[in-house]
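S.K.: this one's sequence-less:
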């Protein structure tokens, strides 16, 4: 997959079939569009292309500094590469870019930079200054500038339309099963392992402290989760705590993972964990011994869950 960091890096003369959007989460609804995009490109000898933006437009236009995203850029690139997409363009979103009129956007971006012969978009796509232009406008521009337009209907799971916002809301309350169902894969956290205080080892449950470098990445509701990770060439399961370690009056939020049957040093190494199931809320215990007893129960429940769904 070709990855370009802005529209102006496109130097070749290859016609494309294009879709446009933030694609946060690359969820099942997004992938419905991408499947159509890739198939259409192959059938018509076009280059399948996604134009996406960073920062997220809401961060720029609404100054939504509290907006958390489902994917880091690296995660998004890896997920999209696995779909068979040929070209990903991550264009910097600015207020100046947002002021383009609908026709300027079509003429300069879709036709001029992307050389689009077909545009495939979702059911709710709007574009141009103040997002006032609709699919009907896009079809008019398509006739004028020589590209076809196809609209994809909403994707539903259990009769509920899927959206990135609904996934964020599910994760915010720890509903990992719903989030994963809408995503079509297990929600992931990626980071670097850092040194902790050694409390886990003291409790006979040594943990790897996961530091997420991207401040915009959404971390789910505090609690204890069943997780899996690929460490080297091994798939390893474990349990993860998100929270403040209230039993020892912790003041700083942390993400700590205890991997089962794994004792290699992960310090300063990149690790990605996939969240499978939420076991319980984070709880303050009266003593470290009570906490240790609870961790043993958590491990038993984790192993039972893994045996049921991943054996």
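M.R.: Looks like it arrived, so ask away. Here the structure is a predicted model, which means the values were calculated and not measured. Numbers count the residues shown, from 1 in each chain.

S.K.: nearest spatial neighbour of residue 35, skipping sequence neighbours?
M.R.: Spatially, and ignoring its direct neighbours in sequence, residue 35 is nearest to residue 83 (7.5 Å; Cβ to Cβ, 6 or more residues apart in numbering). Heads up, the C-betas are built off the backbone N, CA and C, glycines and all.

S.K.: need the contact list for the one you found.
M.R.: Listed by Cβ atoms under 8 Å, 6 or more residues apart in numbering, the contact partners of residue 83 are 26, 31, 34-35, 38.

S.K.: Cross those against helices and list the overlap.
M.R.: Judged by DSSP state H, the subset of the contacts of residue 83 located in helices is 31, 34-35, 38.

S.K.: burial count for residue 113?
M.R.: The number of residues packed near residue 113 is 18, by other Cβ atoms under 10 Å.

S.K.: ok, it to residue 21 distance?
M.R.: If you measure residue 113 against residue 21 using Cβ to Cβ, to the nearest Å, the figure is 17 Å.

S.K.: ditto for residue 245
M.R.: From residue 245 over to residue 21 (counting by Cβ to Cβ), the distance is 39 Å.

S.K.: Ok, residue 213 next?
M.R.: Counting by Cβ to Cβ, the gap from residue 213 to residue 21 is 25 Å.

S.K.: Also residue 206?
M.R.: In this structure, residue 206 and residue 21 are separated by 42 Å, where distance is defined by Cβ to Cβ.

S.K.: Can you pull the phi/psi pair for the residue lying closest to residue 254 once chain neighbours are set aside?
M.R.: Nearest in space to residue 254, with sequence neighbours left out and distances taken as Cβ to Cβ, 6+ apart, is residue 209 at 6.0 Å. Dihedral angles of residue 209 (phi, psi; degrees, to the nearest 10) stand at phi -90, psi 120.

S.K.: which parts of stretch 102-116 are buried?
M.R.: For stretch 102-116, the neighbour count (16 or more other Cβ atoms under 10 Å) marks 102, 105-107, 109-111, 113-116 as buried.

S.K.: For residue 57, state which of those is nearest.
M.R.: Nearest to residue 57 among the buried residues of stretch 102-116, counting by Cβ to Cβ, is residue 105 at 13.1 Å.

S.K.: Quick one: classify the closest one as helix, strand or coil.
M.R.: Recorded secondary structure, residue 105: helix (DSSP: H, G, I helix; E, B strand; the rest coil).

S.K.: picking that back up, farthest-apart pair in the buried residues of stretch 102-116, please.
M.R.: Taking Cβ to Cβ as the measure, the buried residues of stretch 102-116 reach their widest spread between 102 and 115, a distance of 18.6 Å.
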